[in-house]
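**Student:** need coordinates for the below:
(2 chains, ligands or ions: 2)
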Amino acid sequence: MSQILFCKSKVFIHPTSNRSDQLPGFLLVIKESQHTQTQDAKLSWIPENDLESSFVKTLLNVESKLLTAHSVRSPHDFTVDSIYSSWSFTISISAIYSIQFKPPHPNGYWFGSCIINCKNGMNEDIPVLFFHDDICTSTIAKRKKMSKEFDPFSNEGDIYWGGDDLRTCLQSLVDLQKVDSSQCIYLVNASLDDLRNFSLNNFQRPQSGSSSKDDGNIWDSLEATRWSIMSKFADATTTASNLFGKLVKKHPIVQMIDKHSDNVYVKQLMKNPRVVEVQDEFDSAKIYLAKWAMGVKQEAERYQKEHYLDDTYKRILRNELGISNDVEISPEELNIAVQRSFPLTKQKWDSLFDSQGRLSITVHEVKDFIFHGGVENDALRSEVWLFLLGVYPWDSSLQERKELKQAMEEDYNANYKSKWIYRDVLDDSEEEEYWKDQVFRISKDVLRNDRDIPLYRHNTKDGKEDGAKNEEAPNKGDQEEEWEIKNPHLQALKNILISYNIYNPNLGYVQGMTDLLSLIYFVLQDEALSFWCFVNFMNRMERNFLRDQSGIRDQMLTLVDLCQFMLPKFAEHLKKCESADLFFCFRMLLVWFKREFEFSDVCKIWEIFWTDYYSSQFQLFFMLAILQKHSDVVVSQLTEFDDVLKYFNDLRNSMDWSDIMIRSELLFIKFQKMIEVLEREEELISKRTTSTGYNGHEIPLTSEAEDPPLHHPSLISENLKELLSKELVIQKEGPRSKDSIK
Amino acid sequence: MSRKKNILKVIILGDSGVGKTSLMHRYVNDKYSQQYKATIGADFLTKEVIVNDDKVATMQVWDTAGQERFQSLGVAFYRGADCCVLVYDVTNGKSFDNVKSWRDEFLVHANVSSPETFPFVILANKVDVEESKKVVSSRSAQEQAKSLGNVPLFFTSAKDSINVQDAFEEIARSALQQSQSDADAYEDDLSEAINIQLDGEPSSCNC
Ligand SMILES: Nc1nc2c(ncn2[C@@H]2O[C@H](COP(=O)(O)OP(=O)(O)OP(=O)(O)O)[C@@H](O)[C@H]2O)c(=O)[nH]1
Ligand SMILES: [Mg+2]
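**Tutor:** Ligands and ions are numbered 1, 2, ... in the order given. The predicted structure follows:
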């Protein structure tokens, strides 16, 4: 039984410019059955004239039902393919390449329209669709309803029209990304390359023009966006004669806008019947104001995201890290790093898998999405992370994953969790002591872990606030609570960490591991799956926790080399501050910046690191970017070891992770190029020297060889070379003995 | 390592979870929270102190991670210390037993001029808990303090703010004395050892 997901009447095609030729019809989105993938839904347009009048009625009925329902079962005798006329068409929505949504003119000079382009170039078959909103029952009804709910503006601050409904419907089925703000062009399930190409052309502002004018750009366009929202709002209220209208008018911003009411744009809007209608129908100015303020805020936030694409920001980056040591970051590289506005959406993710649930693009492409746009939300994260952390193989099918999941659950319970839940007291008293100590440490740290996060906040059986009890027994009661873990999520953390102790007895529990687990569990909220994710994450992170600290020390030494290589002036200054060992980076490296950023930001940072897109040790470039960003201040202001440490310790919660990530990528690219240049030089030198020393005698120092090369080849330590590798660096703890350090 | 002479540097050591971070925050900010996370790496807070009723100095209190393996990287800032605070938890016998090894460890790495006279202070923390939970008697605590060279001992609670101020006053006194004798040893100007400041807000930190 097929389902209708979208139905709109009075969608016209205009075969000629002659009004009498215009054909009204129904635009529909239909899914064959509940079991077909959303990607396979079809978009159809049928002229009204081709339909029996009873059928028109049925469709109108469906249309009005869809105002409240998500989908409606299609009438029995209805299949689109059976209806044929010269203008009707049906396409699979995943065959659409792009859609341009052109909103109607505010004063009704033209209709809103949709231009659809298909992937395989069958464009001619699809006519432009015009939405005659003024006679479409569902659009009229919806507009009324929206006006009543005080939200006459749809998301972009524009006035609602029929095309918005189509867009909303499609957005729930496929990944729809806006790539051009002025033309309102959206791409369907687009590749990252297409998204980049489209938006680069679009966002690249004219490069010419005086630089001083350029600097004003950000503010000009921010003002413009704000202005358009404000003026629409002001307009809706200036003509209000009721009490609420007056109340709104007292708002300082509104008063400010009132002063500008001779603005042409405002004047034009005031005449717009729709704005008048909206204003007539709302009756609580307060809520309206709040919504409006929210809209401005969101607009500003959206703007902030987009401002990364602005020339000013790019120029700053170019100046700070662009050109030096014979290498240059190209405009494309700069653009790719800066362009982070296409997150991996649920719809996009689904579109990447075939009917068996097997990935149908390369892993590299998926990682490109994640590296440059991140995962849209935590719900999707809980799926994607299983792949990123290697719990699910990238090439597995849905069925295989189902089986795997079940097997892993059983494995966890039978072979790890029950091993300690039903364990006997050990004969070896020292071993018994050790075990108890491990459990004690785990409990203590779990209780101190991320208690500011709602999931972990309340130590009660259901994890909810225990209001009544708190008031009754403020003192005696909570002493018990202090030591005992009751919150089920904290309990799960503890279970996983103790089970990990069984899994990896050599390493056991080390402080910092709770931090690593906390985030994974927060996203997955499934004990067994979190365990396996944690196991795989620890495979990579074990080197940070070794008894002799060799793994973390290696990373700090590599960082010292990297800093020396990329930021020589800063490195020089750190020597003067007795901070050359970069000890102040220890915390950031140990738990991957978990303590420096907000929980939600850490999710975004880690999933990027997990891609190993450029390097399996990208965390070192992120660290380098933090150093780079602050190097000027440190060099000019700080001279002592303790000041430097304090400065970096106090950066927590004050950094823009996205800016740091952009810098990390650019620093990596620059690093890679510098290594290439040096290696080429080294090769040249070695060629020269081997040709002179051909017959195995000691190579005489020719005057040529004495000339120091531009860069000294020894600058490229093995540590640095390793940074170009995507292979994980694995360092494992050795066996534990009785007197091993804890 | 060179050090700024006008600062009294105090290092807090002890097993993980004995309450080092809590004590530092109680002393510097007079705050207590269940939410301090396990310390990673090292951090410090500073506070202006008045010692012996007339001398104003800046005390820099260093807090470190308790897990032993992290010490090997963290010894750099032991150097230049003026006083070392050893903390144990009265509900945790092991943490009490480890007090001596924390002291020894410190002396090995801190490179102090005369280990015999270097000032330590022992804090027996969490005395607020109910008696049944306490496993270290005050008698054995006193014996240990004595055996380590008559080290001053305080029974504290960061949670209920018991004895914390008193303990840190003693710590400040010993630190100042140590700093002065060090300065004497280097034939430095005595007055430089104290940073004369009449007012000043203690710096804060939300870790
Ligand atoms: N009852 C009680 N609990 C305390 C007291 N001081 C600290 N705690 C608790 O003991 C636990 C550990 O305290 P922290 O101050 O984080 O311990 P720490 O010594 O800094 O631990 P590490 O950073 O791991 O070395 C926390 O849950 C505190 O709430 C105290 O005076 N009384
Ligand atoms: Mg601590």
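**Student:** so where's the longest strand in chain A?
**Tutor:** For chain A, the strand that runs over the most residues, judged by DSSP state E, is strand A:3-13.
**Student:** distance check, B:Q35 against ligand 2.
**Tutor:** 12 Å (Cβ to the ion, to the nearest Å). Placement of C-beta: from N, CA and C, glycine included.
**Student:** how many residues are close by that residue?
**Tutor:** For B:Q35, the count of nearby residues is 12 (other Cβ atoms under 10 Å in any protein chain shown).
**Student:** same question, A:D354
**Tutor:** Neighbour count of A:D354, defined by other Cβ under 10 Å: 11.
**Student:** A:S600 too?
**Tutor:** Using other Cβ under 10 Å, A:S600 is surrounded by 12 other residues.
**Student:** got the contact list for it?
**Tutor:** With contact set as Cβ atoms under 8 Å, 6 or more residues apart in numbering or on different chains, A:S600 has no partners.
**Student:** where's it relative to ligand 2, distance?
**Tutor:** 25 Å.
**Student:** low-confidence ranges, chain B, go.
**Tutor:** Low-confidence segments of chain B (pLDDT under 70): B:1-5, B:74, B:184-207.
**Student:** quick revisit: how far out from the middle of the chain is the longest strand of chain A?
**Tutor:** 33 Å (Cα atoms, centre = their mean, to the nearest Å).
**Student:** list the contacts for the residue most central in space within chain B?
**Tutor:** Central residue of chain B (Cα atoms, centre = their mean): B:V85, 3.0 Å from the mean position. For B:V85, the contacting residues are B:V10, B:I11, B:I12, B:L13, B:F120, B:V121, B:I122, B:L123, B:I171, by Cβ under 8 Å, 6+ apart.
**Student:** next: A:S499.
**Tutor:** Residues near A:S499 by Cβ under 8 Å, 6+ apart: A:Y412, A:Y416, A:K417, A:K419, A:W420, A:F531.
**Student:** and the residue of the stretch 401-550 of chain A that's closest to ligand 2?
**Tutor:** The stretch 401-550 of chain A approaches ligand 2 most closely through A:R448 (8.7 Å), counting by Cβ to the ion.
**Student:** same list, the contacts of B:V85, but as CSV with neighbour count and secondary structure please.
**Tutor:** Formatted as CSV, the contacts of B:V85 follow (neighbours: other Cβ atoms under 10 Å in any protein chain shown; DSSP: H, G, I helix; E, B strand; the rest coil):
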residue, neighbour count, secondary structure
B:V10, 26, strand
B:I11, 25, strand
B:I12, 27, strand
B:L13, 25, strand
B:F120, 22, strand
B:V121, 23, strand
B:I122, 27, strand
B:L123, 30, strand
B:I171, 27, helix
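**Student:** and ligand 1, which of those reach it?
**Tutor:** With the criterion set as Cβ under 6 Å from any ligand atom, no member of these is near ligand 1.
**Student:** Serialize those residues to CSV and add fields for distance to A:I316.
**Tutor:** As requested, the contacts of B:V85 are exported to CSV (distance: Cβ to Cβ, whole Å):
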residue, distance to A:I316
B:V10, 42
B:I11, 41
B:I12, 42
B:L13, 44
B:F120, 51
B:V121, 50
B:I122, 53
B:L123, 49
B:I171, 47
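**Student:** distance to ligand 2 added to those residues, as JSON lines?
**Tutor:** What follows is the contacts of B:V85, written out as JSON lines (distance: Cβ to the ion, whole Å):
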{"residue": "B:V10", "distance to ligand 2": "15"}
{"residue": "B:I11", "distance to ligand 2": "13"}
{"residue": "B:I12", "distance to ligand 2": "9"}
{"residue": "B:L13", "distance to ligand 2": "11"}
{"residue": "B:F120", "distance to ligand 2": "19"}
{"residue": "B:V121", "distance to ligand 2": "18"}
{"residue": "B:I122", "distance to ligand 2": "18"}
{"residue": "B:L123", "distance to ligand 2": "14"}
{"residue": "B:I171", "distance to ligand 2": "17"}
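**Student:** picking that back up, what mean pLDDT would you report for the longest strand of chain A?
**Tutor:** Here strand A:3-13 scores 92 as its mean pLDDT.
**Student:** so which strand or helix has the residue nearest to the centre of chain B?
**Tutor:** Element membership for B:V85 (DSSP states H and E) is strand B:83-89.
**Student:** okay, buried residues for the longest strand of chain A please.
**Tutor:** Residues of strand A:3-13 classed as buried: A:Q3, A:I4, A:L5, A:F6, A:C7, A:K8, A:S9, A:K10, A:V11, A:F12, A:I13 (neighbour count, 16 or more other Cβ atoms under 10 Å in any protein chain shown).
**Student:** what's the answer for stretch B:129-143, then?
**Tutor:** Buried, per 16+ other Cβ under 10 Å, within stretch B:129-143: B:V129, B:K134, B:V136, B:A141.
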